[in-house]
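Asker: Coordinates only, no sequence provided:
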């Protein structure tokens, strides 16, 4: 705080406290003229109400004195009187550091026994899952949802099923969280034309057992084999190394309706999973990875 602002605060404080003390003392000694009946002579409501004068009750006087003493004591012990640091030397920064250090000690005590466990072991550990869930809610729920069900509007995958774009291996999931992912689906609308997009979409949907117009799916097969096999494979099972989706299941990143699939083929898709390695430390990355693995475990068990 500069000397000007320190002086300004001091002036305001002295003025306000001085005025409060003056009014308090003056109210005890001032003489207010009264009528013989003890009122001031002021009347309201056609004479029904008359203003009387009474001394302040003793409890109010004592309470006010104690409050004044406590207020002055505060400005002696704590900062607030300009640039004066206070007799105790207290600062909010020191209190924050102390509380933060106490929390970090508790966190360390809870995480230390878990460091020797593998990711699958962490996923099976209730304490690790509880801590991982908290990290997930703080950092991941905005896209994937509170219950990890994903969001097809932004291409955030559902984390509770057995499907994983880049593989279900624990280390692969860890890499996705730590380093992020960037997925791009080329736009084929210009090359295929409007009818061609519909035909390829119809053929793609047959991979997952969805019935589509026979003539469209038949016409879409050679188009798919010419343009899509390199990433998604002839059998439509995708390629986790490229992040190419498996088309044979009922799990759809951007929705599995015909119009969703045609939009993906026509306009392409561009998805980005942010890298959390710079925000989360190694313990936090392992714990949130373990929680994500645990969400998909029930679905993958059969």
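Answerer: Structure's in. What do you need? Only a predicted model underlies this, so the values are computations on that prediction, with no experimental measurement involved.
Asker: Just confirm residue 231 contacts residue 242, I think it does.
Answerer: Yes: contact between residue 231 and residue 242 holds when scored by CB atoms under 8 Å: they sit 5.7 Å apart. To be clear about C-beta, it is placed using only N, CA and C from the backbone, and glycine gets the same treatment.
Asker: and the helix or strand hosting residue 129, average pLDDT?
Answerer: Assigned by DSSP states H and E, residue 129 belongs to helix 126-139. The average pLDDT for helix 126-139 rounds to 97.
Asker: Repeat that for stretch 46-62.
Answerer: 85.
Asker: Between its first and last residues, how far does it reach?
Answerer: End-to-end distance for stretch 46-62, by CA to CA, to the nearest Å: 37 Å.
Asker: Identify the residues contacting the closest residue to residue 255 other than its chain neighbours.
Answerer: Closest residue to residue 255 apart from its sequence neighbours, by CB to CB, 6 or more residues apart in numbering: residue 152 at 4.4 Å. Contact analysis of residue 152 by CB atoms under 8 Å, 6 or more residues apart in numbering lists 252-255, 260.
Asker: Distance from stretch 232-249 to the middle of the chain?
Answerer: On the basis of CA atoms, centre = their mean, to the nearest Å, stretch 232-249 sits 33 Å off its chain's mean C-alpha point.
Asker: In the helix or strand containing residue 177, which residues are buried?
Answerer: Assigning secondary structure by DSSP H and E places residue 177 in helix 170-179. For helix 170-179, a neighbour-count test (16 or more other CB atoms under 10 Å) marks 170, 173-178 as buried.
Asker: Which single one of these is nearest to residue 53?
Answerer: Nearest to residue 53 among the buried residues of helix 170-179: residue 177, at 75.2 Å, using CB to CB.
Asker: you'd agree the closest one is up against residue 286?
Answerer: No: under the criterion of CB under 8 Å, residue 177 makes no contact with residue 286, lying 9.6 Å away.
Asker: all helices for the stretch 51-200 of the chain, in order.
Answerer: Applying DSSP state H, counting those that start in this stretch to the stretch 51-200 of the chain gives helices spanning 58-77, 92-111, 119-123, 126-139, 141-144, 170-179, 189-206.
Asker: Any idea which of the ones you listed gets closest to residue 226?
Answerer: Nearest to residue 226, of all the helices of the stretch 51-200 of the chain, is helix 189-206, at 9.6 Å by CB to CB.
Asker: which outside residues touch the closest one?
Answerer: Around helix 189-206, the neighbours that count as contacts under CB under 8 Å, 6+ apart are 188, 212-213, 216-221, 223-224, 227-228, 236, 247, 256, 258, 261-262, 265-267.
Asker: do that again at 7 Å, thanks
Answerer: 188, 212-213, 216-217, 219-221, 223-224, 227, 247, 258, 261-262, 265-267 (CB atoms under 7 Å, 6 or more residues apart in numbering).
Asker: Write the PyMOL selection for whichever of the residues you listed are buried.
Answerer: To isolate the buried members of the contacts of helix 189-206 in PyMOL, using 16+ other CB under 10 Å:
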select buried, resi 188+212+216+217+219+220+223+224+227+247+258+261+262+265+266
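Asker: out of everything not next to it in sequence, what's closest to residue 7?
Answerer: Counting by CB to CB, 6+ apart, the residue nearest residue 7 is residue 82, at 6.5 Å.
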